[in-house]
Structures are given as C-alpha cells and as structure tokens.
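Asker: quick one: sequence and predicted model below, then my questions.
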Amino acid sequence: MLNLRIPEDVQNRVLEYYDEVTKAMYVKNTGVYSYLSTNMSDFVKLYQVRESIMNLSFINYSNKRQVESFVSKMQVSFYLPGDIIVKQGQKTTKFYYIHKGFVEVIQEK
C-alpha cells in the first residue's frame, strides 16, 4: 500500500477490514462459490448461516424451499465501525441482517 501512497489511516482501516474478514465464520474466499454448482453453493451457504438465521421469525423453517430461497440470495458483507451501510431515504432492494456486532441507526432531521 505504500507504493500507492495511501494515507496511514486508510491503510490501517484496510488492515482492520482484512482482519475482520479473515476471522469470520464464513468461507474466507467467497470466490469459491463460483467453482461450485448452484445447488452445492446454496448448500454450503445454508450450512454456514444455519445458526444465524434460525432465529429469524419471518422464515418458515418447515418450508425447505423458502429457507433455501432465502439463503441462495444471501451475500456476506463486512462493515467496520464508522462505515455507512445505507443512508436515510436511499432506495435499496437489499435486506440487511446483522450476524455479529452492532449498528447505529441515525435519523436525519
């Protein structure tokens, strides 16, 4: 990063992000999903997130297809303290589920 002349505080943030990603319980290289069939990729994702999603009240766990559909659409993202995930009024088609950590919701006036 020194060759790129990235400020030290940005370098530290990148290193902190990398550290969090490598400590995660998910497949460390999510690119591995591209080598798997869709069914196998969904199976691996389901295995990885099973404990996390078991407490979501809006999923009918007796409906295997609903669970598989939900998991197949999941994408793992990592955020650091201070990162803005979504801004008030911003349109999004995503659903955010916090597996680990905390978020602060700020309402603009």
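Answerer: That came through fine. Numbers count the residues shown, from 1 in each chain.

Asker: could you pull out the strands for the chain?
Answerer: Counting by DSSP state E, the chain has no strands to list.

Asker: for residue 94, list the residues it contacts.
Answerer: residue 86 (CB atoms under 8 Å, 6 or more residues apart in numbering). C-beta here means a position set from N, CA and C on the backbone, and glycine is covered the same way.

Asker: how about the contacts made by the nearest residue to residue 72 once chain neighbours are set aside?
Answerer: Counting by CB to CB, 6 or more residues apart in numbering, residue 72 lies nearest to residue 42, which is 4.5 Å off, once chain neighbours are set aside. Listed by CB under 8 Å, 6+ apart, the contact set of residue 42 reads 68, 71-72.

Asker: list the buried ones in stretch 71-89?
Answerer: Within stretch 71-89, the residues that count as buried by 16 or more other CB atoms under 10 Å are 71, 74.

Asker: and stretch 54-71, by the same measure?
Answerer: Buried residues in stretch 54-71, counting neighbours by 16+ other CB under 10 Å, are found at 67, 70-71.

Asker: of the residues you listed, closest to residue 34?
Answerer: residue 71 (16.9 Å; CB to CB).

Asker: tell me the pLDDT at that closest one?
Answerer: Predicted confidence (pLDDT) at residue 71: the value is 73.

Asker: got it, and residue 61?
Answerer: For residue 61, the model assigns a pLDDT of 69.

Asker: kindly report the same for residue 15.
Answerer: 78.

Asker: residue 6: neighbour count?
Answerer: 13 (other CB atoms under 10 Å).

Asker: give the contact list for it.
Answerer: Contact analysis of residue 6 by CB under 8 Å, 6+ apart lists residue 14.

Asker: taking the contacts of residue 42 one by one, which sit in helices?
Answerer: 68, 71-72 (DSSP state H).

Asker: for the protein, give me the ranges with low pLDDT.
Answerer: For the chain, the stretches with pLDDT under 70 are 1-2, 21-31, 51-52, 61.

Asker: try it again at 80.
Answerer: For the chain, applying pLDDT under 80 flags the ranges 1-5, 12, 14-34, 38-39, 41-64, 66-78, 97-100.

Asker: quick one, helices of it?
Answerer: According to DSSP H, the helices that the chain contains are 8-23, 38-53, 64-72.
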